[in-house]
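[1] Please work out how this folds:
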Amino acid sequence: MATLICYIATILLAILVASSFSLPHDEKVEEEVIPYPNPEEGNKFEGDIILDPDQMLAVIEQDSKRAGSQFAAIRARNWKANGMAIPIPYYINPALGYKAKGAIKAAVREYIKHTCIKFQEVDKRPLGKAHLHIVKKDGCWSHVGMYNNHEGQELSIGKGCEYKGVVTHEFGHALGLFHEQSRPDRDNYVEIILNNITPGRAGNFKRYSTAMINSLGFKYDYESIMHYTNNAFAKRQGLITIRTKNPAYQNKIGNRHGLSKGDIAQLNKMYCSKLPCYNLESAYQCWLWRPLCKVNSGVKRRCRVTCKLC
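    Numbering: from 1, shown residues only. Next up is the predicted model:
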């Protein structure tokens, strides 16, 4: 009898321990169908980037010494103080509707979930302090990095831009990320099909030097939320303008579902490098969960070392 009781107690204890290591909850990813034409393909620099005059000059003269100094300054315009990420105040203009506000809040949750970057919604614009003023103007666009630390900076979520993926992309620019396919090494990974691009829009596909774009040593990321779609600026529907040299990624570029593993790693290196890097679970438990590193956000949060996120 005593042996039976002992056996039952052992089973119950095993169940209790197993439940304590239950698989982390992973949020459902909503499928979003971005309309055609893509609202990011506006008339700004590369479709959705606002450049100030100095930045524009640096683009024109990107190989000169002046360009290098200008873009080094751009890369330094992160939302940081004393080397650490600061909470980013954001004000949603009343002109934005319910759908846009929902997309903005979903994008904010995406960054908070995967990085140390914090956002703080405010009831009124904090003039005299760096902040994002999210407005409803023509198209979707943003500055790259922190642009005006006294009056704040606008980020537009116009008609047709009210999607989590699109807003996450624009926030990526505001945090300091350029388009992935503009990297200096992009020709090793993709081919630009110039004949399929709308006349006058080929300038949106330029490749820039390391003076302008610093990817912090991370490899090219086909799945980055900052990558153009495969039909970006196509002169008609059904044509592709970007062909991946690895065919397996042809239909993966242009992800607008959420941050990729590469996006998360790069942002965390940009903003969170001073944070300790460790697993929240035991090394053994994280080893068991290792196959889920690419698909489960809970595992990513709790097993950062094992998942090679830092």
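[2] From here on, just use CA atoms for contacts and neighbour counts.
    OK.
[3] Run through the helices of the stretch 101-250 of the chain in chain order.
    164-174 (DSSP state H, counting those that start in this stretch).
[4] And the strands in it, which stretches?
    Taking DSSP state E, counting those that start in this stretch, the strands of the stretch 101-250 of the chain run over residues 119-121, 132-135, 140-142, 153-157, 190-192, 242-244.
[5] Mean neighbour count, the ones you listed: which tops it?
    The densest packing among those, expressed as mean neighbour count by mean count of other CA atoms under 10 Å, is seen in strand 140-142 with a mean of 29.
[6] Which elements pack onto that strand?
    Helices and strands touching strand 140-142, as assessed by 3 or more CA pairs under 8 Å, 6 or more residues apart in numbering; DSSP states H and E, comprise strand 153-157, helix 164-174.
[7] what about the nearest residue to Y228 once chain neighbours are set aside, neighbour count?
    Nearest residue to Y228, sequence neighbours excluded (CA to CA, 6 or more residues apart in numbering): G254, at 4.9 Å. Neighbour count of G254, defined by other CA atoms under 10 Å: 20.
[8] is it true that V122 touches N93?
    No - distance between V122 and N93: 10.6 Å, which falls outside the contact criterion (CA atoms under 8 Å).
[9] how distant is stretch 81-92 from the center of its chain?
    16 Å (CA atoms, centre = their mean, to the nearest Å).
[10] circling back to that earlier point, which one of the strands of the stretch 101-250 of the chain lies nearest to F218?
    Of all the strands of the stretch 101-250 of the chain, strand 190-192 sits nearest to F218, with 16.5 Å by CA to CA.
[11] For the helices and strands packed on strand 140-142, give me CSV that also has distance to Q250.
    Formatted as CSV, the entries for the helices and strands packed on strand 140-142 read as follows, by distance: least, CA to CA, whole Å:
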stretch, distance to Q250
strand 153-157, 28
helix 164-174, 19
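[12] Tabulate the strands of the stretch 101-250 of the chain (a markdown table), appending mean pLDDT.
    Below are the strands of the stretch 101-250 of the chain laid out as a markdown table (pLDDT from 0 to 100):
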| stretch | mean pLDDT |
| --- | --- |
| strand 119-121 | 96 |
| strand 132-135 | 98 |
| strand 140-142 | 95 |
| strand 153-157 | 96 |
| strand 190-192 | 98 |
| strand 242-244 | 98 |
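[13] now these as CSV including distance to L259?
    Supplementary listing: the strands of the stretch 101-250 of the chain in CSV, determined by distance: least, CA to CA, whole Å:
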stretch, distance to L259
strand 119-121, 16
strand 132-135, 20
strand 140-142, 17
strand 153-157, 18
strand 190-192, 20
strand 242-244, 20
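[14] Distance-wise, check I88 relative to H131.
    Using CA to CA, to the nearest Å, one obtains 6 Å as the distance from I88 to H131.
[15] which of the two has more neighbours?
    Applying other CA under 10 Å to I88 and H131 shows that H131 carries more neighbours, namely 28 against 18.
[16] I am finished for the moment; much appreciated.
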